[in-house]
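# Here is a sequence together with a model predicted from it:
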Amino acid sequence: MHSFFSKYTSQSQSQPQPQSHRPSAPPLLDHQHPSSSQPQYGQPHHGYGSSSYGHYSFPQGTHPDVIRSFQMVDRDRSGYIDEIELQQALSSGYQRFSLRTIRLLMFLFKNPSSPSGIGPSEFAALWSCLGQWRAIFERFDRDRSGKIDSMELRDALYSLGYAIPPSVLQVLISRYENKNGWRVELDFDCFVECGMIVKGLTEKFKEKDRNYSGSATLTYDAFMSMIIPFLVS
């Protein structure tokens, strides 16, 4: 079954070489290269222009389905949506994101200068990112169960450029362990949560590691400011 997000994405056959930390945007997927058959997010595309939305605009090339999803939940026409509205916009048929994941996405994608919520540009970027991550999830969900185990999670993060050590992987997985001792399996919601934690912390660390040496010196305040948002989301 194709997801709400994968409708406009396709899987990539190439994988980047992992590093201890690196720019954390997902690798370019096939859908990011111009084609005549697929709408391109953030790029000009025949038939789609920049959609004006009140005083705000979606990026050039934003697919109409993305715009409609935003407008359907922005009932007050403010040009911004809160976490509940974002959850409604991103949820579809068999896929629903938990508020914990939604709050994490809000933290990572919301424009700090716009306290009102997620605007059209941020929503389009978030939608595109989730489409890419959905393609990665489906690539490693080899049995098409709609879930991946810890080793598939490791391989999926590896393909995105994150060679996280086993100890870190275990901490991520422990978040979803149950008392029955069954093997942990993650659905797309949990995969996005795990991936965005790794992505977000990597980006925060990179801000301190200007020389890409793999090490950085942080004050206690800076460390706490970096970590706490990911713990309380």
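Nice, thanks for sending it over.

# How much space separates Ser167 from Ser174?
For Ser167, the distance to Ser174 (C-beta to C-beta, to the nearest Å) stands at 11 Å. C-beta coordinates here come from the backbone N, C-alpha and C atoms, glycine included.

# just checking, next helix/strand downstream of the host helix or strand of Phe70?
Assessed by DSSP states H and E, Phe70 sits inside helix 64-73. Counting by DSSP H and E, the element after helix 64-73 in chain order, helix or strand, is helix 83-90.

# Beyond that next one, next helix or strand please.
Tracing the chain past helix 83-90, the next element assigned as helix or strand by DSSP H and E is helix 99-109.

# follow-up on the earlier one: tell me the helices and strands packed up against the helix holding Phe70.
strand 52-53, helix 83-90, helix 120-140 (3 or more C-beta pairs under 8 Å, 6 or more residues apart in numbering; DSSP states H and E).

# Single out the most deeply packed of these.
Of all the helices and strands packed on helix 64-73, helix 120-140 has the most neighbours on average by mean count of other C-beta atoms under 10 Å, namely a mean of 22.

# what stretches of this structure score poorly on pLDDT?
1-56, 92-94, 179-182, 233 (pLDDT under 70).

# So Lys208 sits against Phe223, correct?
No: using C-beta atoms under 8 Å as the test, Lys208 is too far from Phe223 to be in contact (9.4 Å).

# Compute the number of surrounding residues for Ser91.
16 (other C-beta atoms under 10 Å).

# excluding its backbone neighbours, what's nearest it?
Sequence neighbours aside, Phe97 is the residue nearest to Ser91 in space, at 6.3 Å (criterion: C-beta to C-beta, 6 or more residues apart in numbering).

# For the one you found, give its distance to Val192.
Using C-beta to C-beta, Phe97 is found at 7 Å from Val192.

# Pull up the overlap in contacts between those two.
Residues touching both Phe97 and Val192 (C-beta atoms under 8 Å, 6 or more residues apart in numbering): Leu105.

# which residues sit in contact with Phe97?
By C-beta under 8 Å, 6+ apart, the residues touching Phe97 are 87, 90-91, 105, 189, 192.

# Specify which member of these is nearest to Phe137.
For those, the residue nearest Phe137 by C-beta to C-beta is Val192; the value is 8.1 Å.

# didn't the closest one look like it was pressed against Trp133?
Yes: assessed by C-beta under 8 Å, Val192 is found in contact with Trp133 at 6.0 Å.

# before we move on, the earlier item: distance to Arg68 added to the helices and strands packed on helix 64-73, as TSV?
Output for the helices and strands packed on helix 64-73, formatted as TSV (distance: least, C-beta to C-beta, whole Å):
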stretch	distance to Arg68
strand 52-53	11
helix 83-90	10
helix 120-140	11
